[in-house]
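Undergrad: give me the fold of what follows.
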Amino acid sequence: MMVVGLTGGIGSGKTTVAKEFEALGVPVYIADIEAKKLMVTSEVIKEKLVQLFGEEVYVNGELNKPFIANIIFNDKTYLQKMNAIVHPEVGNHFESWKEKQNTSYVIKEVAILFENGGNKQCDLVITVTAPMHLRIERLLKRDHTTKEKIEAIIKNQWSDEEKIALSDFVVNNVNFEETKEQVMKIHEQIVKTL
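TA: Prediction:
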């Protein structure tokens with residue numbers, strides 16, 4: 001079974017593109033959502049996060065996000081340590097999920113696919129792009145955050161140019177109808193190669 005990585009900068013519209021593949025009957029694994037679930041359900045992850053951050057990392061069985069965000073903001077090495085705990089477990093979870101799928105290919109949506117070397121586990125990679133002003137506009141609406149916070153996140157991600165250079169396909173997600181057409185064309189090309 002072929003694994004197709006789907007990535008793109010924050011606000012580019014990965015979720016929109018993922019939903020279009022789902023509409024075509026392609027199973028989609030959204031790594032960020034699964035990671036968040038695993039951080040509260042996996043005993044292995046929970047134990048390691050408590051060792052890393054202390055007991056305050058969980059409040060009533062839920063992740064104490066403001067507590068973690070504050071630590072990571074002041075010391076970026078904690079983000080790397082947390083990712084080193086969570087990412088291998090997400091990888092194992094993906095493999096188990098993939099075994100249950102009955103299709104010729106699956107989509108694995110990962111925000112920071114290249115940054116973590118996850119592209120090496122994919123047969124093909126699709127990068128979703130959108131103009132920066134549109135990405136910021138979408139995020140201001142979606143996350144009710146500030147432009148400064150968005151720009152800080154964008155600085156920690158690879159540029160579109162870096163991602164595109166290593167991608168097999170690019171979806172320019174500006175107009176919804178055009179995005180649907182691009183997804184259909186990519187789907188057809190992937191199916192032809194199988």
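Undergrad: make it CA atoms for all contacts and neighbour counts henceforth
TA: Will do.
Undergrad: dump the residue contacts of residue 89.
TA: Each residue near residue 89 by Cα atoms under 8 Å, 6 or more residues apart in numbering is listed here: 38, 45.
Undergrad: so for the helix or strand of the chain with the lowest mean pLDDT, what gets flagged as buried?
TA: Ranked by mean pLDDT, DSSP states H and E, the weakest helix or strand in the chain is helix 147-155, scoring a mean of 87. Across helix 147-155, burial judged by 16 or more other Cα atoms under 10 Å covers 150, 154.
Undergrad: contacts for it, please.
TA: In contact with helix 147-155 (Cα under 8 Å, 6+ apart) are residues 9-10, 136, 139-140.
Undergrad: same check on stretch 39-56?
TA: Contacts of stretch 39-56 (Cα under 8 Å, 6+ apart): 38, 57-58, 61-64, 67-68, 81-82, 85-86, 89.
Undergrad: in helices, which of these fall?
TA: In helices, judged by DSSP state H, the following of the contacts of stretch 39-56 are found: 38, 67-68, 81-82, 85-86, 89.
Undergrad: by neighbour count, which of these wins?
TA: Within the ones in helices among the contacts of stretch 39-56, most neighbours by other Cα atoms under 10 Å means residue 86, with 21 neighbours.
Undergrad: surely that one and residue 34 touch.
TA: No - when contacts are counted by Cα atoms under 8 Å, residue 86 is not listed as touching residue 34 (10.2 Å).
Undergrad: in strands only, show me the contacts of helix 147-155.
TA: Using DSSP state E, no member of the contacts of helix 147-155 sits in strands.
Undergrad: and of the residues you listed, the nearest to residue 103?
TA: Taking Cα to Cα as the measure, residue 103 sits nearest to residue 9 out of the contacts of helix 147-155, at 27.4 Å.
Undergrad: quick one: that closest one from residue 25, how far?
TA: Applying Cα to Cα, to the nearest Å, the value for residue 9 to residue 25 is 25 Å.
Undergrad: and what of residue 63?
TA: From residue 63 across to residue 25, the span is 33 Å (Cα to Cα).
Undergrad: give me the more crowded residue out of those two.
TA: The neighbour comparison of residue 63 against residue 25 (other Cα under 10 Å) goes to residue 63, with 18 against 11.
Undergrad: spatially nearest residue to the more buried one, not counting backbone neighbours?
TA: Spatial nearest neighbour of residue 63, chain neighbours left out: residue 57 (6.0 Å); criterion: Cα to Cα, 6 or more residues apart in numbering.
Undergrad: thought the one you found was touching residue 69?
TA: No - Residue 57 lies out of contact with residue 69 (Cα under 8 Å); the separation is 10.4 Å.
Undergrad: who has more neighbours out of these two?
TA: residue 57 (19 against 13).
Undergrad: residue 5 bridge partners, please.
TA: On the basis of DSSP bridges, residue 5 is bridged to residue 108, residue 125.
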